[in-house]
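Enquirer: Sequence and predicted model, in that order:
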Amino acid sequence: MKKKILIFFVNFLLLFLFLNNATANSSDPKKFIQEIVDETKKILVKTNSAEYKSKKLTEIALATVDIKGVGLYTLGQYRKDLTEEQKKKYSILFKEYFLKTFVSRLTDYSEPKIDVISAEKKNEKYTIVSSILLATDKKPEIKIDWRVYTKNPNKPLIRDLIIEGLSLARTQKEEFSSIIESNDGDINVLFNKLKEFINS
Amino acid sequence: MKRLIIIVTMTFLLCASVVYAGSTGSEKLKKSSSSTANECFEGFSRAMFSFNQAVDTAVFEPIAKGYRVLPMVFRNGTSNVMGNISNLLTIPNNILQGDFAEAGNTVARLAINTTVGILGFFDPAEKMGFPKKDKEDYGQTLGVWGAGSGCYFVLPILGPTTVRDFTGTVANLWGDPWYNMTTASDPIIADGMFTESDYYITKGTDAIDFRAKNIESFDNIERNSIDLYASIKSFYLQNRNKKISNSDKIVETQDESDWEEIDTK
């Protein structure tokens, strides 16, 4: 009898873990964002150390953001002119730069309360998930939309955050573009700026 | 007299920017491929941007931080009063944009909040079915009519603008009822009820209220930018385009041109 109970219990546990795992890897864009929001909220509690927050947020970014895609987008027209070596160099620099800014941007928020509201499929590749960062006594309510890349429907990835209608990826792209243009198209100036930022 | 000086100065700046933009257009086009707006005179604008940053650090940010110590009910009320006054400018622009339903909504909000809402301190109109909408100005109206942004530049204190938006700012001198009620003490609308200082006090308060709501956001942008000037330019132009589109739907307002090419899977 004890053995039967044990087998039943183990089976139940396995089933629970399977279901839980299936939810954690949700392919539904809205659920996908909700899971990220929930996970981020747990990380950003005041009692967690800065090192812990940084490590965990980096893990989230690596697992859920299409850093390579964002990097290519932010280069704009210049991505077509790069040599393979420059592309490789840029890819490494951008990843480091992105992770640093990602952590820096999020650690300003302590236990953010975000309501994921809705999702709207834009086309086969993209779904926009809408959410609201609730107001605090210091900050007003902020509308945040997530551009989710759904080309592989089983593994959605974030490509952009649109804050109150303003795209962070587009701003990044125009910032990089400004640096390259004001230096006569020299991509190495951007590389140096990124290095400076990463090492600061 | 002061009004005349302001008008002349602004008109001069407008003409200067248009002429300069015209004379250097091809050169700037080569240097700047921004899909949104070319620079009118980038060197001057960057210098003004640095000046504004210094003024912000010395004046606006400390006042905004002090303002934020005040009770939230007071800050919300102040924000409501500023929003209510801005309805005066929004109404003619709703009409000029052909958006009569919005004009009706704005008139109702102004009437209800000014009376029941005690000079706009409270917002009973929202609860009565007249929702708060975006402010409208003459720059946006020109955009709705199809005017391009023109080149981009930065003004001392007033901050980022474009030729179109600056033209709208100049139009405000004639077309903003609040400006006319205060600076000109328009005898038809408000005979001697207000003084010129009321206009500048409300504009200053509005700026402080905005700054106080965005202290962390500004710090965050500053900390994470490698070219802050370009970041602010991008935010400004995106925000104006969004306002001109009069849509909150992200699927309608975002530019897809470059995203479609990016394939990483």
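Expert: Right, received. Where do you want to start?
Enquirer: which residues of chain A fall in helices?
Expert: A:2-24, A:29-43, A:50-64, A:67-75, A:84-106, A:168-181, A:187-199 (DSSP state H).
Enquirer: List of residues touching the second one?
Expert: Helix A:29-43 is contacted from outside by A:23-24, A:26, A:52-53, A:56-57, A:60, A:64, A:106, A:111-114, A:116, A:118-119, A:127, A:129, A:131, A:146, A:148, A:150, A:156, A:158, using C-beta atoms under 8 Å, 6 or more residues apart in numbering or on different chains. C-beta here means a position set from N, CA and C on the backbone, and glycine is covered the same way.
Enquirer: May I see the PyMOL selection of the buried members of those?
Expert: To isolate the buried subset of the contacts of helix A:29-43 in PyMOL, counting by 16 or more other C-beta atoms under 10 Å in any protein chain shown, use the following:
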select buried, chain A and resi 53+56+57+60+64+106+112+114+116+119+127+129+131+146+148+150+156+158
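Enquirer: So which of the contacts of helix A:29-43 reach chain B?
Expert: Among the contacts of helix A:29-43, no residue is within reach of chain B (C-beta under 8 Å from any C-beta of the partner chain).
Enquirer: Local confidence estimate at the residue of the stretch 51-200 of chain B found nearest chain A?
Expert: Closest approach between the stretch 51-200 of chain B and chain A, counting by C-beta to the nearest C-beta: B:Met72, at 5.2 Å. We have a pLDDT of 92 for B:Met72.
Enquirer: swap in A:Asn152?
Expert: Confidence score, pLDDT, at A:Asn152: 89.
Enquirer: That one: neighbouring residues, count only.
Expert: 12 (other C-beta atoms under 10 Å in any protein chain shown).
Enquirer: where does it sit relative to chain B, distance-wise?
Expert: 5 Å (C-beta to the nearest C-beta, to the nearest Å).
Enquirer: could you give me the average pLDDT of stretch A:80-96?
Expert: If you average the pLDDT over stretch A:80-96, you get 94.
Enquirer: Is any residue of that stretch near chain B?
Expert: No - using C-beta under 8 Å from any C-beta, stretch A:80-96 stays clear of chain B, coming no nearer than 9.4 Å.
Enquirer: Using PDB, list the CA coordinates for that stretch.
Expert: This file holds the C-alpha atoms of stretch A:80-96, laid out as PDB (Å, rounded to 0.1, in the frame of the first residue of the first chain):
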ATOM      1  CA  LYS A  80      25.100  46.100 -44.900                       C
ATOM      2  CA  ASP A  81      28.500  47.700 -45.200                       C
ATOM      3  CA  LEU A  82      30.300  45.800 -42.400                       C
ATOM      4  CA  THR A  83      32.900  43.200 -43.000                       C
ATOM      5  CA  GLU A  84      32.500  39.800 -41.400                       C
ATOM      6  CA  GLU A  85      35.200  40.700 -38.900                       C
ATOM      7  CA  GLN A  86      33.400  44.000 -38.000                       C
ATOM      8  CA  LYS A  87      30.100  42.200 -37.700                       C
ATOM      9  CA  LYS A  88      31.700  39.700 -35.200                       C
ATOM     10  CA  LYS A  89      33.300  42.600 -33.200                       C
ATOM     11  CA  TYR A  90      30.100  44.500 -33.200                       C
ATOM     12  CA  SER A  91      28.000  41.500 -32.100                       C
ATOM     13  CA  ILE A  92      30.300  41.000 -29.100                       C
ATOM     14  CA  LEU A  93      30.400  44.700 -28.100                       C
ATOM     15  CA  PHE A  94      26.600  45.200 -28.600                       C
ATOM     16  CA  LYS A  95      25.800  42.100 -26.400                       C
ATOM     17  CA  GLU A  96      27.900  43.500 -23.500                       C
END
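Enquirer: who touches that stretch?
Expert: Outside stretch A:80-96, the residues that touch it by C-beta under 8 Å, 6+ apart are A:67-68, A:70-71, A:74-75, A:79, A:187, A:191, A:194-195, A:198.
Enquirer: Run through the residues you listed and flag the ones next to chain B.
Expert: Restricting the contacts of stretch A:80-96 to those near chain B by C-beta under 8 Å from any C-beta leaves A:68, A:194.
Enquirer: In chain A, which residue is most central in space?
Expert: A:Val65 (4.0 Å; C-alpha atoms, centre = their mean).
Enquirer: can I assume the residue of the stretch 51-200 of chain B closest to chain A is in contact with A:Asp137?
Expert: Yes - B:Met72 is within contact range of A:Asp137, at 5.2 Å (criterion: C-beta atoms under 8 Å).
Enquirer: Now A:Tyr52. Nearest residue, chain neighbours left out?
Expert: Take A:Tyr52 and drop its neighbours on the chain: the residue closest to it by C-beta to C-beta, 6 or more residues apart in numbering or on different chains is A:Ile43, 7.6 Å away.
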